[in-house]
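>>> got a predicted model here, sequence first, then my questions.
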Amino acid sequence: MAAQSNSLSYLALGDSYTIGESLNEEERWPNQLAFALSKKGIQVSQPKIIATTGWRTDNLKDAIIKAGLKKKYDLVSLLIGVNNQYQGKPADQYAIEFEDLLKTAIHLAKGNTGNVFVVSIPDYGYTPFGQAKKETISMEIDEFNRINKGITEKYKVTYYNITDLSRKGLEDPSLVATDKLHPSGKMYTLWTDRILENFVR
């Protein structure tokens, strides 16, 4: 997708779900979203993605600092927290670090909360990898999402809940990537459609 002078710049912050582990670049949901918005007449440049599989909130913070971003963006997304949960990190620590990241996202979005959106953490309990511990995983993911949603609403930032979509992974195996853990491109299309339905900027 070629950048145009009048295109909106887009920064996507996250972990494996943002970088699209096990998928081609065009299947990542930020790339799908940028393409879909452009088709609707909202021109968006190729997203700049700061995300790596396995990152917790503290890893993402360190990476943003290391990136030394000078540019401010027209659109910034934030999806982070599954590795805090997976690695057994405290929920109260997540709350502090998530709020800090959200404030950073707002700063990188020219200080405009309307340029930022948060995506809920998907539930990997509904994958072959997580199925055996599904009940525990789901309960903990719900708690982390309760935290990030409350903080997002506190700052009057748009919040997109895609967790219910992620819970279709066992009933439709095509929604899970070949690694049996991460979403497939088809699943990310469902996320993109959900965001597009309610996209506000």
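In hand now; what should we look at?
>>> tell me which stretches of this protein form helices.
16-19, 29-39, 57-67, 82-86, 91-108, 134-154, 163-166, 185-197 (DSSP state H).
>>> show me which of those helices has the highest average neighbour count.
helix 16-19 (a mean of 24; mean count of other Cβ atoms under 10 Å). Every C-beta, even on glycine, is put in place using the N, C-alpha and C of the backbone.
>>> packing partners for that helix?
helix 29-39, strand 48-51 (3 or more Cβ pairs under 8 Å, 6 or more residues apart in numbering; DSSP states H and E).
>>> ends of stretch 80-99, how far apart?
11 Å (Cα to Cα, to the nearest Å).
>>> now do that stretch: everything it contacts.
13-17, 54-61, 101, 121-122, 124, 137, 140-141, 143-145, 147-148, 151 (Cβ atoms under 8 Å, 6 or more residues apart in numbering).
>>> quick one: residue 122 from residue 169, how far?
Separation of residue 122 from residue 169 (Cβ to Cβ, to the nearest Å) stands at 9 Å.
>>> just send the helices of the chain back as TSV, with mean pLDDT too.
Shown next, in TSV, are those (pLDDT from 0 to 100):
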stretch	mean pLDDT
helix 16-19	98
helix 29-39	97
helix 57-67	98
helix 82-86	98
helix 91-108	98
helix 134-154	98
helix 163-166	98
helix 185-197	97
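>>> and those: which comes nearest residue 173?
helix 185-197 (10.3 Å; Cβ to Cβ).
>>> now that closest one against helix 29-39, angle please.
Helix 185-197 runs at 50 degrees relative to helix 29-39, counting by axes from the mean of the first three to the mean of the last three Cα atoms, to 10 degrees.
>>> from the contact counts, what lies against helix 185-197?
helix 29-39, strand 116-119, strand 158-160, helix 163-166.
>>> of all those, which one is nearest residue 198?
strand 158-160 (6.8 Å).
>>> picking that back up, as a markdown table, the helices and strands packed on helix 16-19 with distance to residue 9 would be great.
What follows is those, written out as a markdown table (distance: least, Cβ to Cβ, whole Å):
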| stretch | distance to residue 9 |
| --- | --- |
| helix 29-39 | 10 |
| strand 48-51 | 8 |
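>>> residue 174 is nearest to which of the ones you listed?
helix 29-39 (15.9 Å).
>>> tell me which other helices or strands that closest one touches.
Counting by 3+ Cβ pairs under 8 Å, 6+ apart, helix 29-39 packs on strand 10-14, helix 16-19, helix 185-197.
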